[in-house]
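J.: would you be able to build a 3D model of this:
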Amino acid sequence: MSQKKIPTRQCVGCNEMKNKTDLIRIIKTPEDDIVIDTTGKKNGRGAYICQSADCLKKAKKTKALERSLKVSIPTEIYDLLEKELELLER
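T.: All right, here's what the predicted structure looks like:
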């Protein structure tokens with residue numbers, strides 16, 4: 001039997017390759033909304049980030065998330081992402 005391949009994605013904050021299931025997917029929907037995709041299956045352009053506040057801070061500082069999603073992200077969205085990460089870390 002062959003082993004099932006585990007998909008990996010790169011975190012935009014720390015640039016490390018990790019299992020897709022260990023990362024949080026942030027998408028830009030066709031309506032240009034920025035949403036956290038908990039299912040990993042929503043339609044839209046996606047970027048992945050680790051479940052740590054440090055990676056989010058790095059991505060915000062270097063604007064890596066904006067480059068990846070090809071859209072400017074308002075500070076309200078970053079605040080929402082920080083709150084979501086706090087809930088996930090608990």
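J.: quick one, helices of this protein?
T.: With helices called from DSSP state H, the chain shows them at 53-62, 64-69, 75-89.
J.: from the contact counts, what lies against the longest one?
T.: Right, helix 75-89. Helix 75-89 is packed against strand 24-28, strand 34-37, helix 53-62, with contacts defined by 3 or more C-beta pairs under 8 Å, 6 or more residues apart in numbering; DSSP states H and E. For glycine as for every other residue, the C-beta is placed from the backbone atoms N, C-alpha and C.
J.: now do that helix against strand 24-28, angle only.
T.: Per axes from the mean of the first three to the mean of the last three C-alpha atoms, to 10 degrees, the angle that helix 75-89 makes with strand 24-28 is 160 degrees.
J.: still on that earlier bit, which among the helices of the chain is found nearest to residue 9?
T.: For those, the distance to residue 9 is smallest for helix 64-69, at 11.0 Å, taking C-beta to C-beta.
J.: pLDDT weak spots in the chain?
T.: Along the chain, the model assigns pLDDT under 70 to residues 89-90.
J.: and residue 41, backbone torsions?
T.: Note on residue 41: backbone dihedrals following degrees, to the nearest 10 are phi -130, psi 0.
J.: what about it, neighbour count?
T.: For residue 41, the neighbour count with other C-beta atoms under 10 Å is 7.
J.: again with residue 5
T.: As a burial measure, residue 5 scores 6 neighbours (other C-beta under 10 Å).
J.: cool, residue 48 as well?
T.: By other C-beta under 10 Å, 23 other residues sit near residue 48.
J.: distance check, it against residue 40.
T.: Shown here: residue 48 relative to residue 40, a distance of 9 Å by C-beta to C-beta, to the nearest Å.
J.: related to what we said a few turns ago, out of the helices and strands packed on helix 75-89, which comes closest to residue 84?
T.: Between the helices and strands packed on helix 75-89, strand 34-37 lies closest to residue 84; by C-beta to C-beta that is 5.5 Å.
J.: cheers, nothing more for now.
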